[in-house]
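Asker: take this sequence and fold it.
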Amino acid sequence: MAILVTGAAGFIGAALCERLLARGEDVVGIDNLNDYYQVSLKQTRRDRLRTAGGERFTFYEIDFADMALLTSKMERHDISRIVHLGAQAGVRYSIENPHAYVQSNLVGHVNMLELARHAQVENMVYASSSSVYGGNTKMPFAVEDRADHPVSLYAATKRADELMSETYAHLYRLPLTGLRFFTVYGPWGRPDMALWKFTDRILRGDPIQVYNNGDMYRDFTYIDDIVAGVIACLDNAPADDDQEKAGGSVKPHALYNIGNHKSEHLMRLIEVLEDACGTKAELEMMPMQPGDVHKTFADIDAIQRDLGYAPTTSIEVGIPKFVDWFREYHGR
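Answerer: Now for the predicted structure:
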């Protein structure tokens, strides 16, 4: 019996696979290794997993939006559980290339639901996003809040994934858990994220672009805390008992926020980053970008109550760890 992880060469996917392999699981990873950011980073993450897992790790370079290819590859394996993390990521890129999001996040998600249904998996955990809360002003964001006013296509596709999943939980009693991730960061992170861009430019001595003139807040969540939450959900499928789950479903479908339960001011993040880099940043103040939101803040009461989730890593601890990794990875 194996666990299937999509987006296995991605930031969260690779970290999850590493943790699953460390506890003795057989893992099948798939990723299309697209060039949204440098492919070499994804290839290095994949190669690390091959070294760590040996014969217990199988990798396929495929696009899960291709149902025929996905099915043919997965027929070779006895898949018991799925963690579907693969997606076209990024709020701003969805404005430039909307069709990539339709193909990966909508078509691809339906394909994974169909695969899970026919394989009769014990549980499928899938990635949603804090972006589904759109321009909500009530803080912190709770899974019971309305999420029907997205401000980016990326957010709209993630909310659509949740709704499609609810349908499959209803029609086929398929156990599903959707996770609304809040700004994930840490070693082996993504180059399109602000922390990576800031670190790179500060160490080069270049100015950093600070949007909304620095008046931004994010619930920054360290990768180890994210992975702990994903595994807790993977190991505890929602019951088909007609009882209300987190997020409001009475089907075997739960929705959880995974965040640090602390909304950090962007300028505070920059201060911590400057200390970790050992140099001051030159700031280029910019207006708010289309599709962005002013503030995110995760209410994690539901996942704490149901699964004992308890993030432990502050930005004062996590950011220096990222900077140390960044310097080593780039030989700086």
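
Asker: going forward, measure contacts and count neighbours with C-alpha atoms only.
Answerer: Noted.

Asker: residues in contact with the worst-scoring helix or strand of the chain on mean pLDDT: which ones?
Answerer: Using mean pLDDT, DSSP states H and E, the weakest-scoring helix or strand in the chain turns out to be helix 93-96, at a mean of 77. If you take C-alpha atoms under 8 Å, 6 or more residues apart in numbering as the criterion, helix 93-96 is touched by 100-101, 152-154, 291.

Asker: how about the helices in the protein?
Answerer: Remark: helices assigned in the chain by DSSP state H are 11-22, 39-53, 67-74, 93-96, 98-101, 108-119, 153-172, 194-204, 223-234, 266-277, 301-307, 315-330.

Asker: what about Met285, how many neighbours?
Answerer: 14 (other C-alpha atoms under 10 Å).

Asker: tell me the bridge partners for it.
Answerer: Beta bridges link Met285 to Val210 when assigned by DSSP bridges.

Asker: so it sits right up against Asp215, yeah?
Answerer: No - shown here, Met285 and Asp215 do not form a contact pair, counting by C-alpha atoms under 8 Å, at 10.1 Å.

Asker: name the residues contacting each of these two.
Answerer: Contacts common to Met285 and Asp215, judged by C-alpha under 8 Å, 6+ apart, are absent.

Asker: C-alpha coordinates for the least confident helix or strand of the chain, PDB please?
Answerer: C-alpha atoms of helix 93-96 as PDB (Å, rounded to 0.1, in the frame of the first residue of the first chain):
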ATOM      1  CA  TYR A  93       0.500  34.800 -12.400                       C
ATOM      2  CA  SER A  94      -3.200  33.900 -12.600                       C
ATOM      3  CA  ILE A  95      -3.900  37.300 -14.100                       C
ATOM      4  CA  GLU A  96      -1.300  36.700 -16.800                       C
END
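
Asker: list the buried residues in that helix.
Answerer: Going by neighbour count (16 or more other C-alpha atoms under 10 Å), the buried part of helix 93-96 is 93-94.

Asker: how far is that helix from where the chain is centred?
Answerer: Averaging C-alpha positions (C-alpha atoms, centre = their mean, to the nearest Å) puts helix 93-96 18 Å from its chain's average.

Asker: same question, stretch 168-179
Answerer: Centroid separation for stretch 168-179 versus its chain: 19 Å, with C-alpha atoms, centre = their mean.

Asker: residues in contact with that stretch?
Answerer: Contacts to stretch 168-179, defined as C-alpha under 8 Å, 6+ apart, come from residues 113, 116-117, 120-129, 162, 165, 230, 233, 237-240, 251-258.

Asker: got the CA positions of it in PDB?
Answerer: C-alpha atoms of stretch 168-179 as PDB (Å, rounded to 0.1, in the frame of the first residue of the first chain):
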ATOM      1  CA  TYR A 168     -17.800  13.800  -4.400                       C
ATOM      2  CA  ALA A 169     -18.100  13.400  -0.700                       C
ATOM      3  CA  HIS A 170     -21.900  13.500  -1.100                       C
ATOM      4  CA  LEU A 171     -22.200  11.300  -4.100                       C
ATOM      5  CA  TYR A 172     -19.600   8.700  -3.400                       C
ATOM      6  CA  ARG A 173     -19.000   9.000   0.300                       C
ATOM      7  CA  LEU A 174     -15.300   9.700  -0.500                       C
ATOM      8  CA  PRO A 175     -13.400  10.900   2.600                       C
ATOM      9  CA  LEU A 176     -11.800  14.300   1.700                       C
ATOM     10  CA  THR A 177      -9.900  16.900   3.700                       C
ATOM     11  CA  GLY A 178      -9.300  20.400   2.200                       C
ATOM     12  CA  LEU A 179      -6.500  22.500   3.700                       C
END
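
Asker: burial measure for Arg19, as a count.
Answerer: Arg19: 16 neighbours (other C-alpha under 10 Å).

Asker: next, count neighbours for Ile30.
Answerer: 27.

Asker: beta-bridge partners for it, please?
Answerer: Thr6, Tyr60.

Asker: got the contact list for it?
Answerer: Residues counted as contacts of Ile30 (C-alpha under 8 Å, 6+ apart) are 4-9, 59-64.

Asker: 7 Å - rerun?
Answerer: With contact taken as C-alpha atoms under 7 Å, 6 or more residues apart in numbering, Ile30 is in contact with 5-8, 59-62.

Asker: what's the answer for Glu166, then?
Answerer: His253.

Asker: roughly how far does it sit from Glu144?
Answerer: 15 Å (C-alpha to C-alpha, to the nearest Å).

Asker: with Arg23 instead?
Answerer: Taking C-alpha to C-alpha, one finds Arg23 at 34 Å from Glu144.
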